[in-house]
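**Q** I would like to see how this sequence folds:
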Amino acid sequence: MTDRDPIVYPNADTDNRQPDAVSRRRLLAGSTAAGVAATAGCLGGEGEASADGATVFVFNTGDGTVSLIDPETDEVVGSQHLGLSASFPSNQYTPKLTTAASDTLWLNVDRGVRGLTVGSLAETTSFETGSGANWLEQTPDGQHLVVSAREPTHTLFRLDADPDSETFGEQTGVIDRTPEGGRGDNEGPGPCDVTIHPDGQYAYVPDLFGDTLTVVDIPAFEIETQIDVDPVGDAPAEPWMGTVSWDGSRLLVEHNEGETGSESIWDTSDPANPEPIARLTVDDGFGEGALTSEIGPDSEAGYVFTPGTNDVTVVDLLAGEVIDRLDVGGSAFVGTWGPARESLYVPVQTANEVAVIDHASREVSTTIAVGDSPYGATAAMVRPETDDTDALVSTLAQLGMFAATTETTYCIGECACGHRLEND
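**A** From the prediction side, this is the model:
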């Protein structure tokens, strides 16, 4: 592999990193967690998962813990050490699909994906893709999980996501993308993110090394359409992340293009044949390093995480222009809506905080202290079972006691996760 973009390959020229030993930052985080343990006690009613306890899950890549946030109070109400982390968990339709304790949270982990029961955070299924960089999304009906695995696999997978099915967690479809090849010495198109149209029929996959946008027919599990994506300047377009709107009319695509990145807006009123309608760069007031995005509940505003300028760029999807730039106090790579879709929760990895953006005012309403190096986030209508023992173990994890046993997940840019993408 000769492409050594430091954003795509944050650990290309270093040994695999493991979290540090006990540090002052970890001690402070541990003290915070201990305080939560002392005041929170048992959550969910005598150690049982609460079916009406809406929760935002924030995965802390630095210590392998998950912080549980109550979206009603915007407070951390618990923490649990999982021994793993997720940078891009499934979050698009997850809240409405996790209304019972037995429902599943889907996470991207080292070399594959994993399902955890939302009520206990116990593993129910896992699937290895052969790639260190994976993205995943569940269909709106909860029947399928579509997984995009980048190099060296360059493959799309469809898994059975129905926990009541006899084939739950098993592969039900596959598209090998390696025959397409990729730019330069890349042995495939580098399928990155996956976002699913609300009709559940089509998935959109930006191809980092193919400079294409691929539309996948999910029931048939075959490529429906593939569109060449033109660059703005002399550098390749490099589309790699995307989010389709709740009403299905617009698609945002992030590009790792040139020095500062770019953003494209697509018309998806014909879901099988998206058409580009606008392209935004720093010359349009856009932030730097466009990475991922979330779209507001009214499908009129897009929130693009631009960690290169430590902000979130707000875009008018209808006018195709930048509305605002929201300072989040550090580098944030992803975010998730709370179950009510009123607030956007943005883990700020470099500040060990979550910035909460109120959609109505389009302002940062508060910040929440969480664990070490928060990155991925998702939400559910269930609050997991947890108790003082979980809080104690979480505190020890934040002190660095379990660093050697914490599994990795691929992080773009600032990577606390440590593994290489190539075959070891």
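
**Q** could you use CA atoms for every contact and neighbour count after this?
**A** Fine.

**Q** which residues does residue 346 contact?
**A** Residues in contact with residue 346, defined by C-alpha atoms under 8 Å, 6 or more residues apart in numbering, are 332, 334-336, 354-357, 377.

**Q** do the same with residue 334
**A** By C-alpha under 8 Å, 6+ apart, residue 334 lies in contact with 88, 291-293, 305, 346-347, 375-377.

**Q** do the same with residue 142
**A** Contact partners of residue 142, counting by C-alpha under 8 Å, 6+ apart, are 97, 161-162.

**Q** picking up where we left off before, of the contacts of residue 346, closest to residue 127?
**A** The nearest member of the contacts of residue 346 to residue 127, counting by C-alpha to C-alpha, is residue 377 at 20.3 Å.

**Q** my guess is that closest one meets residue 60, correct?
**A** No - using C-alpha atoms under 8 Å, residue 377 is not in contact with residue 60; the gap is 9.2 Å.

**Q** am I right that residue 95 sits in a helix?
**A** Yes - in this structure, residue 95 lies within a helix as judged by DSSP: H, G, I helix; E, B strand; the rest coil.

**Q** what about the residue nearest to it when sequence neighbours are not counted, neighbour count?
**A** Distance criterion C-alpha to C-alpha, 6 or more residues apart in numbering; nearest residue to residue 95, sequence neighbours excluded, is residue 380 at 4.1 Å. Counted with other C-alpha atoms under 10 Å, residues neighbouring residue 380 total 30.

**Q** residue 380 bridge partners, please.
**A** Beta bridges link residue 380 to residue 55, judged by DSSP bridges.

**Q** measure the residue nearest to residue 236 when sequence neighbours are not counted to residue 90 for me?
**A** The shortest distance from residue 236 to any residue other than its chain neighbours is 6.2 Å, reached at residue 257 (C-alpha to C-alpha, 6+ apart). In this view, residue 257 and residue 90 are 25 Å apart by C-alpha to C-alpha, to the nearest Å.

**Q** more neighbours, those two?
**A** Higher neighbour count among residue 257 and residue 90: residue 90, with 28 against 23, using other C-alpha under 10 Å.

**Q** and the more buried one, that one's in a helix?
**A** No - counting by three-state DSSP, residue 90 is not found in a helix; it is coil.

**Q** report the contact partners of the closest residue to it other than its chain neighbours.
**A** Ranked by C-alpha to C-alpha, 6+ apart and with sequence neighbours excluded, the top spatial neighbour of residue 90 is residue 137, at 4.8 Å. Listed by C-alpha under 8 Å, 6+ apart, the contact set of residue 137 reads 89-92, 145-147, 194-196.

**Q** mind putting those residues into a markdown table with pLDDT and distance to residue 370?
**A** Converted to a markdown table, these look like this (pLDDT from 0 to 100; distance: C-alpha to C-alpha, whole Å):
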| residue | pLDDT | distance to residue 370 |
| --- | --- | --- |
| 89 | 97 | 17 |
| 90 | 98 | 20 |
| 91 | 98 | 19 |
| 92 | 97 | 22 |
| 145 | 98 | 29 |
| 146 | 98 | 30 |
| 147 | 98 | 28 |
| 194 | 98 | 27 |
| 195 | 98 | 27 |
| 196 | 98 | 30 |
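
**Q** and the buried ones among the residues you listed, selectable in ChimeraX?
**A** This is how ChimeraX selects the buried members of the contacts of residue 137, with burial counted by 16 or more other C-alpha atoms under 10 Å:
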select :89,90,91,92,145,146,147,194,195,196
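
**Q** got the contacts of residue 137 as JSON lines, with distance to residue 299 columns?
**A** Below are the contacts of residue 137 laid out as JSON lines (distance: C-alpha to C-alpha, whole Å):
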{"residue": "89", "distance to residue 299": "22"}
{"residue": "90", "distance to residue 299": "19"}
{"residue": "91", "distance to residue 299": "16"}
{"residue": "92", "distance to residue 299": "13"}
{"residue": "145", "distance to residue 299": "23"}
{"residue": "146", "distance to residue 299": "23"}
{"residue": "147", "distance to residue 299": "24"}
{"residue": "194", "distance to residue 299": "18"}
{"residue": "195", "distance to residue 299": "15"}
{"residue": "196", "distance to residue 299": "15"}
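
**Q** and which of the contacts of residue 137 is nearest to residue 324?
**A** For the contacts of residue 137, the nearest to residue 324 is residue 92 (23.4 Å; C-alpha to C-alpha).

**Q** separation between that closest one and residue 295?
**A** 10 Å.

**Q** excluding sequence neighbours, find me the nearest residue to residue 159.
**A** Closest residue to residue 159 apart from its sequence neighbours, by C-alpha to C-alpha, 6+ apart: residue 171 at 4.4 Å.

**Q** and that neighbour, what does it touch?
**A** Neighbour list for residue 171: 157-160 [criterion: C-alpha under 8 Å, 6+ apart].

**Q** now residue 380
**A** So residue 380 contacts 54-57, 94-99, 118, 339 (C-alpha under 8 Å, 6+ apart).

**Q** again, but for residue 116
**A** Taking C-alpha under 8 Å, 6+ apart, we find residue 116 in contact with 104-107, 122-125.

**Q** just give the nearest non-adjacent residue to the residue most central in space within the chain, would you?
**A** Residue closest to the average C-alpha location in the chain (C-alpha atoms, centre = their mean): residue 88, at 2.3 Å. Among residues not flanking residue 88 along the chain, residue 376 sits closest, at 5.3 Å (C-alpha to C-alpha, 6+ apart).

**Q** for that neighbour, phi and psi?
**A** When read as degrees, to the nearest 10, the backbone of residue 376 gives phi -90, psi 160.
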